[in-house]
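>>> Build me a structure from this.
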Amino acid sequence: MRTEYKQIVKLSAENGKLKEENTKLRIALCNLRDEFLNMGGDPNQLELFDKDDVSQLKIYESPDGGETVYERYFVDYSGVTKRKLR
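Presented below is the predicted three-dimensional model:
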């Protein structure tokens, strides 16, 4: 029971760090978007993906720090994550 508690506390702390990093990245992205628009950039160029086609949204993962890269779709309804080696 004691080791499970330690694992829960550790995961909770990691989750908090991830949320904090996510917030920082969102702020940085908003700042970059604002700078782009302030410089006269076309707002239509900011739309990189077709919002109605989720198959365009992919996640790239590397379990070994970049040595091997896998690609998978952001939304996978099959319940089984299908990855492709890139």
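>>> neighbouring strands for the helix or strand of the chain with the lowest mean pLDDT, and are they parallel or not?
Lowest mean confidence among the helices and strands of the chain (mean pLDDT, DSSP states H and E): strand 84-85, at a mean of 71. Paired strands of strand 84-85, with direction, are strand 70-73 (antiparallel) (DSSP bridges).
>>> Next, the buried residues of the strand it pairs with.
Of the residues in strand 70-73, Y73 count as buried by neighbour count, 16 or more other C-beta atoms under 10 Å. (Glycine included, C-beta is placed from N, CA and C.)
>>> ok, Q7 to E20 distance?
Relative to E20, Q7 is positioned 20 Å away (C-beta to C-beta, to the nearest Å).
>>> ugh, typo on my part, it should be K84
31 Å.
>>> count of residues packed around L46?
Neighbour count of L46, defined by other C-beta atoms under 10 Å: 11.
>>> Now do the helices in this protein.
2-38 (DSSP state H).
>>> give me the low-pLDDT residue ranges for it?
For the chain, the stretches flagged by pLDDT under 70 are 1, 48-57, 74-82, 86.
>>> so what's the residue sitting nearest the centre point of it bridging to?
Geometric centre of the chain, nearest residue: I59, 7.1 Å, by C-alpha atoms, centre = their mean. On the basis of DSSP bridges, I59 is bridged to R72.
>>> my read: it touches R72, true?
Yes - using C-beta atoms under 8 Å, I59 is in contact with R72, at 5.5 Å.
>>> Return the distance of E21 relative to Q45.
27 Å.
>>> Equivalent analysis for K19, please.
Relative to Q45, K19 is positioned 30 Å away (C-beta to C-beta).
>>> burial measure for V69, as a count.
14.
>>> measure it to T3 for me?
Using C-beta to C-beta, V69 is found at 33 Å from T3.
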